[in-house]
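Novice: Attaching a predicted model along with its sequence, questions to come.
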Amino acid sequence: MIWKAVVKSFHVIESKLAWNVGNGHKLLVGRDPWMGCTYDHTLPGFVVEALRRRGIVSLSQLAIPRHDGIWFQRWRRADSLGLSDQEKDFLEIYIRNLVLSNIVLTDEEDSLVWEADPAGKYTPKTGYIVLSSEVEQREHAWWWKSLWKLNCPAKSKLFMWCVLENKVPSWDNLQKRSFQGPGWCVLCKRALETVEHLFLQCPFSAEVWRECSALVDSPCQWSGASIGTAWDEWWRRTTVKKHRYLPLLIIWGIWLARNNAIFKDKPCLPEITAVQSVGIFKSLPEHLRAAKQRRVMEDEIDQSQPWAFFDGASQNNVCGGGAVLHLSASHHFTLSMGLGAGTNNYAELMSLKLLLIFAMEKGCSSLTCFGDSMNVVNWVKRTQDCRNLRLGNLLNDIWRIILRYDNFVCRHVYRENNQEADRASKEGLSKALGNWHVTEYVDGRSQGYYHRPFTEVI
């Protein structure tokens, strides 16, 4: 049985295998996936056959030998291969996907890696995550995100999640796991202990809610066909933001009273449970205290040479990039870039790469860059290793571009000091993939803007 289960799971491993591209000799064009490809990596059979007749089988045969330019990797154009119009259309899309995945051939050998893990190594943990995601594909309830944003103890939020998902070890759930026990509710001894009974129907719980109403001087109506329904109705009725997490503390108090009665043989009065729950409720602040703002002072920026800010944004796996390049105190450019699919780290690195290329085009030989991602700044400064293979080629490109500068510095700033680049990156989320929007300012006045495709250079 165990071996059959292992054999049935082979497809999980095979579906996530991909090539970490080195010299491109082993990766078959139109057949094999590469690490980081977010689009279709396959080509129709007739296109693959047409390329084979022209001597193109591996990825290295589709590439143009690299030269010492800032654009680095070039690929053979479909027009130069004598393909039909239909074949050219498929190949151009394939090449575009290579460009957007930032594939750069090196002298290293291609290696097969496990794509589901950033480090490229298969582990039982990552295999379990992939298998679980395939087995359980469902939409989360409305409270999934709202619950974790409440300003109350994390333990009570986690327990409320268990209650709503019916994962609390009540007697009915324990009996499903072959546990033996009395099965009745220890608080009222009138019914079988279930999650619905314990937190919604039990007379003990009802008395706790009445006592809490008197203590907070507000009617607390907790009722419904299920815990989820009661939580939904409570959320809709409550206008005071702080009162929204009162049920979490009351339910947690009821559970503690239940455990004390079972494991310590200490019966608890509803009044005591209510006082303890409301006491925690009243001790919590109305709002989280705002963090002290830390600002970059003007004298911290050396304005004798160009300086720039960059930022990346990722929402629903769609990336946007933003940057602000200051040539002087009175002359700067704002860039918004559409980056396609990817993570936030990908957006940050791609924004920095395009910023470096743009600054070089504007004649900058020295540059100081500021970013609010500590990981990205440390990767660029080589003070921290990047273990994500998907970002390895992109980071190598950035290092090669930096070598072309006479003087380059990368520094970290806090997010509140990077607002302009952050706004530009949010605008980039709505930009077409492979385009950037550049606006020039002189003495604070816009000198016009232009759109420019960059898919040929990344």
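Specialist: Received the coordinates, thanks.

Novice: remind me which residues of the protein are low pLDDT?
Specialist: 1-2, 5-6, 8, 38-39, 66-72, 132-140, 286-299, 450-458 (pLDDT under 70).

Novice: Report the central residue of it.
Specialist: With distances taken as Cα atoms, centre = their mean, residue 343 lies nearest the centre of the chain, 5.9 Å away.

Novice: pretty sure it is in contact with residue 314, am I right?
Specialist: Yes: applying Cβ atoms under 8 Å as the test, residue 343 and residue 314 come out as touching, 5.7 Å apart. (C-beta placed from N, C-alpha, C; glycine too.)

Novice: Might you report the residue contacts of the residue lying closest to residue 418 once chain neighbours are set aside?
Specialist: Spatially, and ignoring its direct neighbours in sequence, residue 418 is nearest to residue 372 (4.5 Å; Cβ to Cβ, 6 or more residues apart in numbering). Neighbouring residues of residue 372 by Cβ atoms under 8 Å, 6 or more residues apart in numbering: 311, 412, 413, 414, 415, 417, 418, 422.

Novice: Repeat that for residue 325.
Specialist: 306, 308, 332, 333, 335, 355, 358, 359, 362, 364.

Novice: what about burial for those, which qualify?
Specialist: By neighbour count, with 16 or more other Cβ atoms under 10 Å, the contacts of residue 325 hold 306, 308, 332, 333, 335, 355, 358, 359, 364 as buried.

Novice: so where do the strands sit in this structure?
Specialist: Using DSSP state E, the strands of the chain run over 17-20, 63-64, 74-75, 111-114, 307-315, 318-328, 331-341, 366-371, 407-412, 435-442, 445-453.

Novice: Please convert the ones you listed to TSV, extending it with distance to residue 193.
Specialist: Formatted as TSV, these follow (distance: least, Cβ to Cβ, whole Å):
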stretch	distance to residue 193
strand 17-20	48
strand 63-64	67
strand 74-75	66
strand 111-114	44
strand 307-315	43
strand 318-328	47
strand 331-341	48
strand 366-371	54
strand 407-412	53
strand 435-442	61
strand 445-453	65
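
Novice: Those: which one's closest to residue 349?
Specialist: strand 307-315 (7.5 Å; Cβ to Cβ).

Novice: In the closest one, which residues are buried?
Specialist: 307, 308, 309, 310, 311, 312, 313, 314.

Novice: same thing with stretch 341-359?
Specialist: For stretch 341-359, the neighbour count (16+ other Cβ under 10 Å) marks 342-359 as buried.

Novice: again, but for stretch 85-104
Specialist: 87-88, 90-91, 94-104.

Novice: and which of these is nearest to residue 171?
Specialist: Comparing those against residue 171 with Cβ to Cβ places residue 101 closest, at 53.5 Å.

Novice: can you tell me how far the residue nearest to residue 418 sits from residue 353?
Specialist: 17 Å (Cβ to Cβ, to the nearest Å).

Novice: Got phi/psi on residue 177?
Specialist: phi -100, psi 20 (degrees, to the nearest 10).

Novice: Now do it against residue 372, distance only.
Specialist: For residue 177 relative to residue 372 (Cβ to Cβ), the value is 47 Å.

Novice: before we move on, what about residue 360?
Specialist: Counting by Cβ to Cβ, the gap from residue 360 to residue 372 is 23 Å.

Novice: Just list whatever residues bridge to residue 368.
Specialist: Per DSSP bridges, the residues bridged to residue 368 are residue 307, residue 409.

Novice: Verify the stated contact: it with residue 303.
Specialist: No: assessed by Cβ under 8 Å, residue 368 is found out of contact with residue 303, at 9.6 Å.

Novice: Those two: which is more packed in?
Specialist: Neighbour count, other Cβ atoms under 10 Å: between residue 368 and residue 303, residue 368 has more, with 18 against 12.

Novice: Next up, the contacts around the more buried one.
Specialist: 301, 302, 305, 306, 307, 308, 408, 409, 410, 411.
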